[in-house]
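> what's the 3D shape of this:
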Amino acid sequence: MRLPVAKEGLLLILLSLLLSLLCYALRIYPLAILLVLLLLFFLYFFRNPSRISTSTGDEIISPADGRVMGVEDLDEGQFLKERVRRIRIFMSVSDVHVNRAPCEGMIEKVEHRSGRFKLAFKKGIDDENERNYIVLKRGDERFLVVQIAGFVARRIICYVKERQSVAKGAIVGMIALGSRVDLYMPTRYEPLVKEGQKVKSGVTVLARSGKERS
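I've put the predicted structure just below:
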């Protein structure tokens, strides 16, 4: 069952709710107001809205809410080990923090690496910051989703495990307080977004296959 908030926020939400009611009952109104404001912040921050994709099988959807930082081709030598197309998405504090699968498939590999917490929009943080790699295999295709922590974000959460099957748009994790999510895909996919464009996880189509899959 899908919760309207991420499960990591449930304890904070319930605690702030109970404390605000207690302060109200004790007539400590200023503190009660502050706790209600904190409750509203937690509800907003950990929100998990329902997302329904109408994309086709040859379309890849966004794994994160945010703004496109760049679209480029490069050689990915660690996991996919081939020439790929990468789309970088910056997640601000106000964006939904839940991350979703860009397509259906099987989780081939999950690997977490410790690192620093530099600003997520700076260059050169790909191999420096705290990050989590998720390799998704679909037929003969392989995709790589990279969750990258930033200066404010200090916690990367991954819900999926290796050899687990996922549906397109399924929740695979979240990054507390925003940061960055990169998606690597085969170069046969033509990008449908450009730098600076706002995208929504599980909804916005990032790319479409220009060739038939074998």
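
> contacts, neighbours, all on C-alpha from now
Will do.

> end-to-end on stretch 42-55?
Start and end residues of stretch 42-55 are separated by 31 Å (C-alpha to C-alpha, to the nearest Å).

> Then stretch 4-13?
Stretch 4-13 has an end-to-end distance of 12 Å (C-alpha to C-alpha).

> Which of the residues in that stretch are classified as buried?
Residues of stretch 4-13 classed as buried under the neighbour-count rule (16 or more other C-alpha atoms under 10 Å) are 5, 6, 12, 13.

> care to break the protein down by domain?
Listed domain ranges for the chain are 7-45, 59-209 (source: automatic domain parsing).

> Of those, which stretch is the most buried?
domain 59-209 (a mean of 19; mean count of other C-alpha atoms under 10 Å).

> Figure out the length between the terminal residues of it.
6 Å.

> I'd like to know the beta-bridge partner residues of the most centrally placed residue in the chain.
For the chain, the residue whose C-alpha lies nearest the mean C-alpha position (C-alpha atoms, centre = their mean) is residue 99; its distance is 2.8 Å. Residue 99 has the following beta-bridge partners by DSSP bridges: residue 173.

> Test my guess that it contacts residue 64.
Yes. If you go by C-alpha atoms under 8 Å, residue 99 and residue 64 touch, sitting 5.0 Å apart.

> ok, residue 182 touching residue 146?
Yes. Under the criterion of C-alpha under 8 Å, residue 182 makes contact with residue 146 at 5.1 Å.

> residues in contact with stretch 128-146?
63, 79-80, 103-118, 147-150, 156, 158, 181-186, 213-214 (C-alpha atoms under 8 Å, 6 or more residues apart in numbering).

> Dump it to CSV, restricted to CA.
The C-alpha coordinates for stretch 128-146 follow below in CSV (Å, rounded to 0.1, in the frame of the first residue of the first chain):
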residue,chain,number,x,y,z
GLU,A,128,33.7,12.5,-4.7
ASN,A,129,30.4,12.8,-3.0
GLU,A,130,28.4,10.2,-1.1
ARG,A,131,26.5,8.2,-3.7
ASN,A,132,24.5,5.0,-4.4
TYR,A,133,24.5,3.2,-7.7
ILE,A,134,21.5,1.2,-9.0
VAL,A,135,22.0,-0.9,-12.2
LEU,A,136,18.7,-1.8,-13.9
LYS,A,137,18.6,-4.5,-16.6
ARG,A,138,15.8,-4.7,-19.1
GLY,A,139,16.2,-7.3,-21.9
ASP,A,140,19.5,-6.5,-23.6
GLU,A,141,19.6,-3.0,-22.1
ARG,A,142,21.1,-1.7,-18.9
PHE,A,143,20.4,1.6,-17.2
LEU,A,144,22.3,3.2,-14.3
VAL,A,145,20.6,5.4,-11.7
VAL,A,146,23.0,7.3,-9.4
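
> what mean pLDDT does it have?
If you average the pLDDT over stretch 128-146, you get 94.
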